[in-house]
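Chemist: Coordinates only, no sequence provided:
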């Protein structure tokens, strides 16, 4: 991985996500969760793809669902708006997953938010969320049993 790749990472795998992973509000990475705000200033007119990689779910139980959103703002600590929403991951989706969504915004900062509705169930996955220049939009483009 190059320095450039690291600068475009909204979340490193850090620790397993077992409850809602609220949006980060600083350009310094959280050493536990791997969350960070990325300063993009402006995107090309066609936007840029954002990739979510999720490992296998090691603790899936009935009724747990996960929604990953990308938020943008011109302020680090406030005024965040949702600019992309990925398909809902349910407890039945226990395999490793890859999803890509194109994000187009002229706002200065991007961050990721992982919302878990446990609904009486449980979940445990590691996530890596990266802005990737050459990625193609894809929902569940890869599902596998590997980590």
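Modeler: Received, thanks. This one's a predicted model, so the numbers in the text were calculated from it and none came from an experiment.
Chemist: switch to C-alpha atoms for all contacts and neighbour counts from now on
Modeler: Will do.
Chemist: now the farthest one out in the chain, which residue is it?
Modeler: Distance from the C-alpha centroid of the chain peaks at residue 120, with 23.2 Å (C-alpha atoms, centre = their mean).
Chemist: got a list of what that one touches?
Modeler: Applying C-alpha atoms under 8 Å, 6 or more residues apart in numbering to residue 120 gives the contacts 62, 63, 64.
Chemist: In terms of distance to residue 97, which of those residues ranks first?
Modeler: Each of the contacts of residue 120 was checked against residue 97 using C-alpha to C-alpha; the closest is residue 64, at 16.0 Å.
Chemist: Kindly provide the distance from that closest one to residue 83.
Modeler: Using C-alpha to C-alpha, to the nearest Å, residue 64 is found at 24 Å from residue 83.
Chemist: re earlier: could you give me the PyMOL syntax to select whichever of the contacts of residue 120 are buried?
Modeler: Applied in PyMOL, the following selects the buried portion of the contacts of residue 120 according to 16 or more other C-alpha atoms under 10 Å:
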select buried, resi 64
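Chemist: Now flag whichever of the contacts of residue 120 is closest to residue 52.
Modeler: For the contacts of residue 120, the closest approach to residue 52 (C-alpha to C-alpha) belongs to residue 64, at 18.4 Å.
Chemist: who touches the closest one in this structure?
Modeler: With contact taken as C-alpha under 8 Å, 6+ apart, residue 64 is in contact with 90, 91, 116, 117, 118, 119, 120, 121, 122, 123.
Chemist: May I ask which of those residues has the most neighbours?
Modeler: Ranked by neighbour count (other C-alpha atoms under 10 Å), those have residue 123 at the top, with 24 neighbours.
Chemist: That one touches residue 56, doesn't it?
Modeler: No: with contact taken as C-alpha atoms under 8 Å, residue 123 and residue 56 are classed as non-touching, separated by 10.0 Å.
Chemist: do you know how far the closest residue in space to residue 60 that isn't next to it in sequence is from residue 15?
Modeler: The shortest distance from residue 60 to any residue that is not its chain neighbour, by C-alpha to C-alpha, 6 or more residues apart in numbering, is 4.6 Å, and that residue is residue 123. Applying C-alpha to C-alpha, one obtains 13 Å for the distance of residue 123 from residue 15.
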